[in-house]
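# The sequence isn't on hand, but the structure is:
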């Protein structure tokens, strides 16, 4: 280690400094990204290669020191691809996404070096260390809270959705995303990219960067035995026209065993040769992707290259991996850089792409949206002919798409089957085969891959990137797309800018799927949303009819940074509300549909639309016995929680609207309260928490093959007779 006389202020907190690397006077005296320029001039320039390598080393050092400062985090995966990330930035590409949440320390280090983190008060390495994995700091995995980072990263297999959504909205910008060995093994990334490319062949400006390092979290990766030729064939076989692979093993002059090599162990000359191949390869891949070819870049290097351990053992730090641990100390000292190197790297990083990512990334400004003018809602007469709710909403969705050309509707199981074929007719299914009978055209706005993950991913990704979208699904299948929807909704809760809410329409509830049997009857999804309501920005909506659903969607279109879930039947059902009643219910949580006097008062709190059929019949039976009944439609249950039940205050675009006790008593007070839902009972929790009446719930139990919705409800104990009997018992 060297004595240091002049250290840049941002280096405060760096544990070790090193000597100047060889030939620094020749290749490191002047930043290779010139002042006022966004990128290096020539990827083959020896100075550009040299300084890219120094940037990669700086990233490795920070990754290890930051994680070791908390004896927590994941240094190994990012370390194995540091040259690729460095090359992207030196080439001026900062709109980088990842599906690897464990790469977070590397992304934070990059945001620190280009000064993005100064926007959150992190100006020194010491502050970087202090705020890593701390609240109001640098979360354990990427989120929308961090300046300069485009998207969250947690569950594997999600990053491509964010990159593809951004690519659609910004056709001239490259969106690289890193994907690990494990992420590639998820069932969805390849299929989702293949369908996207078929639907949008002109949007190739996203670039998968496969980090092929041979190991997963705790063992060898499942693709570690593939040859380079097999890996190239795999990507080509999945539709990629250009695949660039750079293998560190080809540059190894240290006779390392195995198929995966650690470039940090090479001689300095060979380290430069490897970095040159990566820099030129990334440049080639980026140009290819921007020119209209579906392209991937693969960097093959041993996991943990240059940190405290190699292989899977480098993945995670444990309690003993403190800054005093011998392995950590050895790793830091091996990567230690001279102060002059740190300043050189900092200058290149802050100049790349025209400035810090916190100022230049596409998500750092609000995406412009066309104003939605004069949306026409169709008012149906209360008590008139039954109408299909989803079809009524489809008419409104069509108007949105006609006014907003970036708007997309996604559906894996077909809009026709959900009663919203009018969306297809108006906006057209995106398909390379033009066919008027099936409403298909290459320029449509309806995206229909046979994958809920792909549907939810693109729709939620578009919303996160600032555009409007709608994900439609059968309630029974939507569970397959929920992980990314949940990721995005949580990210929206902490996002530093307003963005349109991610909106869904879930149709054909379990009660309508009798003859299909239990495979199509999965209303447990409602428990998922009920749990998420406490997050603060999740609003499940249950419109009781075709008038109500239009107002619910109109409201959703005017919200930001929220997850709005609209659940409705595709069967013709009675019209029970006016537009104004639903507007009131959206603010108060519920609306009274019918109230009749009696010696005792029974309140039915109904979540859903079809479920109202046995409730109204039960009310009739009770009225014949002189018992009063109030039927309350719960449209927006999140409003019915107590203000302290929900973490709304810490959400971006906070919504603190909750029904007060006086309003709650007006709706739900009585001698008995019965909550009824055709879904999960947890959706009734806000009401049951607050009510002091004698009360009970009727809810979904299990699915079965039946001939009708009524028979299925009866199987679950939800009949007019059972409701009336329980009401009488409770009022005795």
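Structure's in. What do you need? Please read these numbers as outputs of a predicted model, since none were measured by experiment. Numbers count the residues shown, from 1 in each chain.

# What are the boundaries of the strands in the stretch 551-700 of the chain?
Applying DSSP state E, counting those that start in this stretch to the stretch 551-700 of the chain gives strands spanning 563-567, 572-573, 590-596, 601-607, 628-634, 672-677, 694-698.

# mind giving me CSV with the ones you listed and columns for mean neighbour count and distance to residue 236?
In this view, the C-beta of every residue, glycine as well, is placed from N, C-alpha and C. Shown next, in CSV, are the strands of the stretch 551-700 of the chain (neighbours: other CB atoms under 10 Å; distance: least, CB to CB, whole Å):
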stretch, mean neighbour count, distance to residue 236
strand 563-567, 26, 38
strand 572-573, 16, 50
strand 590-596, 19, 56
strand 601-607, 26, 50
strand 628-634, 24, 53
strand 672-677, 24, 50
strand 694-698, 18, 55
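
# Okay, residue 615 and residue 574: tell me how far apart.
When distance is defined by CB to CB, to the nearest Å, residue 615 is 12 Å away from residue 574.

# do the same with residue 172
Counting by CB to CB, the gap from residue 172 to residue 574 is 51 Å.

# Those two: who's more crowded?
residue 574 (18 against 7; other CB atoms under 10 Å).

# nearest residue to the more buried one other than its sequence neighbours?
Nearest residue to residue 574, sequence neighbours excluded (CB to CB, 6 or more residues apart in numbering): residue 386, at 5.4 Å.

# Relative to residue 238, how far out is residue 15?
The gap separating residue 15 from residue 238 is 44 Å, by CB to CB.

# pLDDT wise, what is residue 6 at?
On pLDDT, residue 6 comes in at 87.

# Okay, and it sits in which element?
Applying DSSP states H and E as the criterion places residue 6 outside every helix and strand.

# State whether residue 533 is indeed within a strand.
No - judged by DSSP: H, G, I helix; E, B strand; the rest coil, residue 533 forms no part of a strand; its state is helix.

# burial of it, as a residue count?
Around residue 533 there are 25 other residues, counting by other CB under 10 Å.

# returning to what we had before: which residues are in contact with the residue nearest to residue 574?
Going by CB atoms under 8 Å, 6 or more residues apart in numbering, residue 386 touches 572, 573, 574, 575.

# Using CSV, lay out the residues you listed together with distance to residue 450 and pLDDT.
Listed next are the contacts of residue 386 as CSV, based on distance: CB to CB, whole Å; pLDDT from 0 to 100:
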residue, distance to residue 450, pLDDT
572, 28, 96
573, 29, 96
574, 34, 97
575, 34, 98
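
# Let me know the closest of the residues you listed to residue 110.
Nearest to residue 110 among the contacts of residue 386 is residue 573, at 53.5 Å by CB to CB.

# Surely residue 716 touches residue 702?
Yes - at 7.3 Å, residue 716 counts as touching residue 702 under the criterion of CB atoms under 8 Å.

# residues contacting residue 206?
Residue 206 sits next to 160, 163, 164, 166, 167, 174, 175, 176, 177, 289 when contact means CB under 8 Å, 6+ apart.

# What is the neighbour count of residue 649?
9.

# now do residue 129
Residue 129: 21 surrounding residues under other CB under 10 Å.

# repeat for residue 328
25.

# what do you get for residue 671?
Using other CB under 10 Å: residue 671 sits among 18 other residues.

# Neighbour count: residue 716 and residue 702, which is higher?
Neighbours were counted for residue 716 and for residue 702 using other CB under 10 Å; residue 716 has more, 20 against 10.

# State the distance from the closest residue to residue 534 other than its chain neighbours to residue 673.
Closest residue to residue 534 apart from its sequence neighbours, by CB to CB, 6+ apart: residue 646 at 5.3 Å. Distance of residue 646 to residue 673, given as CB to CB: 21 Å.

# now swap in residue 378 and tell me
From residue 378 across to residue 673, the span is 34 Å (CB to CB).

# Check residue 24 too.
Shown here: residue 24 relative to residue 673, a distance of 77 Å by CB to CB.

# swap in residue 498?
Remark: distance between residue 498 and residue 673 (CB to CB) = 38 Å.

# sec struct for residue 350, please.
For residue 350, the assignment made with three-state DSSP gives helix.

# show me the contacts for residue 701.
Residues in contact with residue 701, defined by CB under 8 Å, 6+ apart, are 715, 716, 717.

# Hmm, residue 115 is touching residue 357, no?
No - Residue 115 lies out of contact with residue 357 (CB under 8 Å); the separation is 9.2 Å.

# if you count what's nearby, which of the two comes out ahead?
Taking other CB under 10 Å, residue 115 and residue 357 do not tie; residue 357 has more neighbours (29 against 21).

# Can you tell me the closest non-neighbouring residue to the residue nearest the centre of the chain?
A centroid search over the chain (CA atoms, centre = their mean) returns residue 488, at 3.0 Å, as the residue closest to the centre. Of all residues not flanking residue 488 in the chain, residue 460 sits nearest, at 3.9 Å (CB to CB, 6+ apart).

# dump the residue contacts of that neighbour.
Going by CB under 8 Å, 6+ apart, residue 460 touches 161, 469, 471, 484, 485, 487, 488, 489, 502.

# Among those residues, which one has the most neighbours?
The member of the contacts of residue 460 that has the most neighbours, counting by other CB under 10 Å, is residue 161 with 33 neighbours.

# Could you double-check that that one lies in contact with residue 483?
No - the criterion here is CB under 8 Å, and residue 161 misses it with residue 483 at 10.8 Å.

# quick revisit: now, which of the contacts of residue 460 sits nearest residue 353?
Distances from residue 353 to the contacts of residue 460, taken by CB to CB, are shortest for residue 161, at 22.8 Å.

# mind listing what the closest one touches?
192, 454, 457, 458, 460, 461, 484.

# what do you get if the cut-off is 6 Å, keeping everything else the same?
Neighbouring residues of residue 161 by CB atoms under 6 Å, 6 or more residues apart in numbering: 457, 458, 461.

# so of those residues, which ones are in helices?
The helices, defined by DSSP state H, take in 457, 458, 461 from the contacts of residue 161.

# Just the buried subset of these, please.
Neighbour-count burial (16 or more other CB atoms under 10 Å) is assigned, among the ones in helices among the contacts of residue 161, to 457, 458, 461.

# For the residue nearest to the first one when sequence neighbours are not counted, which three-state class applies?
Using CB to CB, 6+ apart and skipping the chain neighbours, the partner closest in space to residue 457 is residue 161 (3.1 Å). Under the three-state scheme (three-state DSSP), the conformation of residue 161 reads as helix.

# any idea of the pLDDT on residue 161?
pLDDT, residue 161: 95.

# Use 23 as the first number for this chain going forward.
In the new count, where the first residue is 23, that last one comes out as residue 183.

# separation between it and residue 199?
Taken as CB to CB, the span from residue 183 to residue 199 is 9 Å.

# Likewise for residue 532?
Using CB to CB, we find residue 532 at a distance of 36 Å from residue 199.

# How is this structure partitioned into domains?
As assigned by automatic domain parsing, the chain contains the domains 31-386, 409-753.

# chain center to the first one: distance?
In terms of CA atoms, centre = their mean, to the nearest Å, the gap separating the centre of domain 31-386 from the centre of its chain is 21 Å.

# can you give me the strands for the stretch 323-472 of the chain?
Applying DSSP E, counting those that start in this stretch to the stretch 323-472 of the chain gives strands spanning 409-410, 430-433, 451-452, 462-463, 468-469.

# Please produce JSON lines containing the ones you listed, extended by mean neighbour count, mean pLDDT and distance to residue 268.
Formatted as JSON lines, the strands of the stretch 323-472 of the chain follow (neighbours: other CB atoms under 10 Å; pLDDT from 0 to 100; distance: least, CB to CB, whole Å):
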{"stretch": "strand 409-410", "mean neighbour count": "20", "mean pLDDT": "96", "distance to residue 268": "56"}
{"stretch": "strand 430-433", "mean neighbour count": "27", "mean pLDDT": "96", "distance to residue 268": "35"}
{"stretch": "strand 451-452", "mean neighbour count": "24", "mean pLDDT": "96", "distance to residue 268": "35"}
{"stretch": "strand 462-463", "mean neighbour count": "18", "mean pLDDT": "96", "distance to residue 268": "40"}
{"stretch": "strand 468-469", "mean neighbour count": "26", "mean pLDDT": "96", "distance to residue 268": "34"}
